[in-house]
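Visitor: My questions concern the predicted model and sequence given below.
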Amino acid sequence: MSLHFVNHYAEHFADIITEQPVSINGPSQVRLFNSELWQQLGGSGGAQQLCEQIDARETPAGWRPLAQKYAGHQFGQFNPYLGDGRGLLLGEVKTPAGDYRDLHLKGAGPTPYGRGGDGRAVLRSSVREYLASESMAALGVPTTRALVLVSSAGQVQREQPEPGAMLLRTAATHVRFGHFEHCYYRHLKDTQRALWHYVIERQWPDLAGADEKKQFRGVMERTALMIALWQAYGFIHGVMNTDNMSLVGETFDYGPYAILDTYQPEKIFNHTDQTGRYGFLQQPGIGLWNLQRLQTALSLSMDVSQFTAVLDDYEPYIQRVYLAQMQQRLGLSAVESGDSQRLIGEWLQLLQQHQLDYNQSFIHLERHLNEGEDNALVQAAGNWLQDYKKATHNKPDLATMQQVNPVVTLRTHHLQRVINAAESGDDEPLQDYLQVLTSPFKRQWLDSEWAAPPRPEQQVSQLSCSS
Ligand code: AMP
Ligand code: MG
């Protein structure tokens, strides 16, 4: 292992944790191991040794497993009874580069905060989280990362019995908006203040000496950046409860997420989300609503009156980041911003009206511009394309387009296929898909089966929240 652990959380936040060892669900088998990330953490050896230690019920040196207590607003309602119900923070690692990373094991057994849940995770949802985090990281979207996926010999009961698994992930921090809400509702003023400064000092040392308004601006900007990139790549988180919002703006707790295939921005994938609260177009507004809950919570230990001015800047900020990313995706870097904005808006209308595939349309545009390819986009685009060529003077920024437009994205029907294979013991599709998802900009994948959008009969309309 040889990781350098600095377990500050276990030492300083005793009133909001429960220490407890990992409880396995039968012997484990390593299915995926992220050796690049492991090296960045300063690890040596492989995942096998780690697995053997867990199976032997040993606590490897440096680990200090604990469940974190937090609360949160779920679908708009405050729920004080949340916390790590099946995940344990194993410890905090100081990397050779000097960064701090949490190691967290999901599916590690029941905890006092699980409200009677079994404390387990299934292979299906663990594969989904692994691929999603690595795919988002490769796109440049801030996210937690996946380090090891093991399947467990024991089955787990969901709608039906399913193979069990555990996912070892890393995050800059596992401190969520919901941690501060827990402190607020329990009047834990000193803990709240200490927690805030702990995260800021570790993650943003540059802001450590700044006033709290500036620090809160840091949180606002990271949240906005993350969501702006979700919007630009068509990612739908699905459960933007405040307990799933990382304080440092990493995409977190992947559940019933999806990436748009055809551009249907109003479609709701999470079948438990009956009002459409967490639909694609709702995400920027929900980000702000969640930040307002954080502001209220922080009023326990800080003067938050000045934070309102910070939140007033949220919408222009997210809009700016989103438009800049879309400008890059459409090769509009030399086009004046008014024209750019108009072209972006009309682009989205075009995709919606003709029910075109969201991410593939950018590739279709590029291929048309590059080699005159005739494709679904070109056939639908008519006036827009003429307008576009005029605005770019026939010189779109193709180099940037190739850097930011993925050839391969996470698609539910492909995920379904690799999960089915993995559940029957065949990991080849899983490893294959992972490989292309982690190098998504390579044009060599253009003709790969993984680049293909779903045929009509392969489209998945709803996703189960059970995980
Ligand atoms: P999530 O929807 O995955 O963000 O989970 C919401 C809350 O339920 C968190 O506090 C989780 O730890 C908890 N939870 C989810 N699944 C389980 C489970 N199988 N056993 C215990 N707690 C769970
Ligand atoms: Mg969660």
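Guide: On my side now, so go ahead. Ligands and ions are numbered 1, 2, ... in the order given.

Visitor: drop to CA atoms for contacts and neighbour counts, all remaining ones
Guide: Will do.

Visitor: Quick one: name the residues of this structure near ligand 1.
Guide: Neighbours of ligand 1 within the chain, by CA under 6 Å from any ligand atom: 82-86, 110, 114, 117-120, 244, 253.

Visitor: Out of those residues, give me the one that has the most neighbours.
Guide: R120 (26 neighbours; other CA atoms under 10 Å).

Visitor: Tell me if I'm right that that one and P110 touch.
Guide: Yes. Assessed by CA atoms under 8 Å, R120 is found in contact with P110 at 7.2 Å.

Visitor: which residues do these two both contact?
Guide: Here R120 and P110 share the contacting residues R86, scored by CA atoms under 8 Å, 6 or more residues apart in numbering.

Visitor: What about the residues of the chain next to ligand 1, which are in helices?
Guide: Among these, none falls in helices (DSSP state H).

Visitor: Name the spans of the stretch 351-467 of the chain whose pLDDT lies under the cut-off.
Guide: Along the stretch 351-467 of the chain, segments meeting pLDDT under 70 span 465.

Visitor: Show me what the one helix or strand in the chain whose mean pLDDT sits lowest is in contact with.
Guide: Scoring the helices and strands of the chain by mean pLDDT, DSSP states H and E places helix 47-55 at the bottom, with a mean of 80. The contact list for helix 47-55 (CA under 8 Å, 6+ apart) reads M1, V22, I24, G26, P27, S28, Q29, V30, F33, T59, P60, V148.

Visitor: Show me what the longest helix along the chain packs onto, helices and strands only.
Guide: The residue-count maximum for a helix in the chain (DSSP H) belongs to helix 212-233. With contacts taken as 3 or more CA pairs under 8 Å, 6 or more residues apart in numbering; DSSP states H and E, helix 212-233 sits against helix 283-298, helix 307-312, helix 314-329.

Visitor: re earlier: between the contacts of helix 47-55, which sits nearest N394?
Guide: F33 (45.3 Å; CA to CA).

Visitor: The closest one: what's it in contact with?
Guide: Shown in contact with F33 (CA under 8 Å, 6+ apart): A47, L147, V148, L149.

Visitor: Among those, name the ones in helices.
Guide: Using DSSP H, the members of the contacts of F33 that fall in helices are A47.

Visitor: would JSON lines of the contacts of F33 with neighbour count be doable?
Guide: Below are the contacts of F33 laid out as JSON lines (neighbours: other CA atoms under 10 Å):
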{"residue": "A47", "neighbour count": "22"}
{"residue": "L147", "neighbour count": "23"}
{"residue": "V148", "neighbour count": "24"}
{"residue": "L149", "neighbour count": "26"}
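
Visitor: ok, of the contacts of F33, which one's closest to ligand 1?
Guide: Distance to ligand 1 across the contacts of F33 (CA to the nearest ligand atom) is lowest for L149, with 16.8 Å.

Visitor: Report the distance from the lengthiest strand in the chain to the chain centre.
Guide: Determined from DSSP state E, the single longest strand within the chain is strand 145-157. From the chain centre to the centre of strand 145-157 is a distance of 19 Å (CA atoms, centre = their mean, to the nearest Å).

Visitor: Kindly calculate the angle that it makes with helix 47-55.
Guide: Orientation of strand 145-157 against helix 47-55 (axes from the mean of the first three to the mean of the last three CA atoms, to 10 degrees) gives an angle of 40 degrees.

Visitor: Please identify the nearest residue in space to the residue positioned nearest the centre of the chain, excluding sequence neighbours.
Guide: Centroid-nearest residue in the chain, with CA atoms, centre = their mean: T251, separated by 2.8 Å. In space, T251 comes closest to T143 once its chain neighbours are excluded; the distance is 4.3 Å by CA to CA, 6 or more residues apart in numbering.

Visitor: So which residues of the stretch 251-400 of the chain form strands?
Guide: For the stretch 251-400 of the chain, strands defined by DSSP state E, counting those that start in this stretch occupy the ranges 258-259.

Visitor: if we can go back for a sec, tell me which of the residues of the chain next to ligand 1 is nearest to D312?
Guide: Nearest member of the residues of the chain next to ligand 1 to D312, counting by CA to CA, is N244, at 22.8 Å.

Visitor: you'd agree that closest one is up against G238?
Guide: No. Look at N244 against G238 with CA under 8 Å: they stay out of range, at 10.4 Å.

Visitor: Give me the below-cutoff pLDDT ranges for this protein.
Guide: For the chain (pLDDT under 70), the answer is 1, 465.

Visitor: Can you pull the domain assignment for it?
Guide: 8-171, 324-404 (automatic domain parsing).

Visitor: how about the strands in the stretch 101-250 of the chain?
Guide: Going by DSSP E, counting those that start in this stretch, the stretch 101-250 of the chain shows strands at 121-122, 145-157, 161-171, 235-236.

Visitor: Let me have the ones you listed in TSV, extended by distance to H271.
Guide: Converted to TSV, these look like this (distance: least, CA to CA, whole Å):
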stretch	distance to H271
strand 121-122	19
strand 145-157	19
strand 161-171	20
strand 235-236	13
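
Visitor: Pick the most deeply packed of these.
Guide: The highest average neighbour count among those, using mean count of other CA atoms under 10 Å, belongs to strand 121-122 at a mean of 27.

Visitor: outside of that one, which residues touch it?
Guide: The contact list for strand 121-122 (CA under 8 Å, 6+ apart) reads R86, K106, G107, V156, E162, P163, G164, A165, M166, S467.

Visitor: if we can go back for a sec, what's the closest of the helices and strands packed on helix 212-233 to M136?
Guide: With CA to CA, the closest approach to M136 among the helices and strands packed on helix 212-233 belongs to helix 314-329: 14.9 Å.
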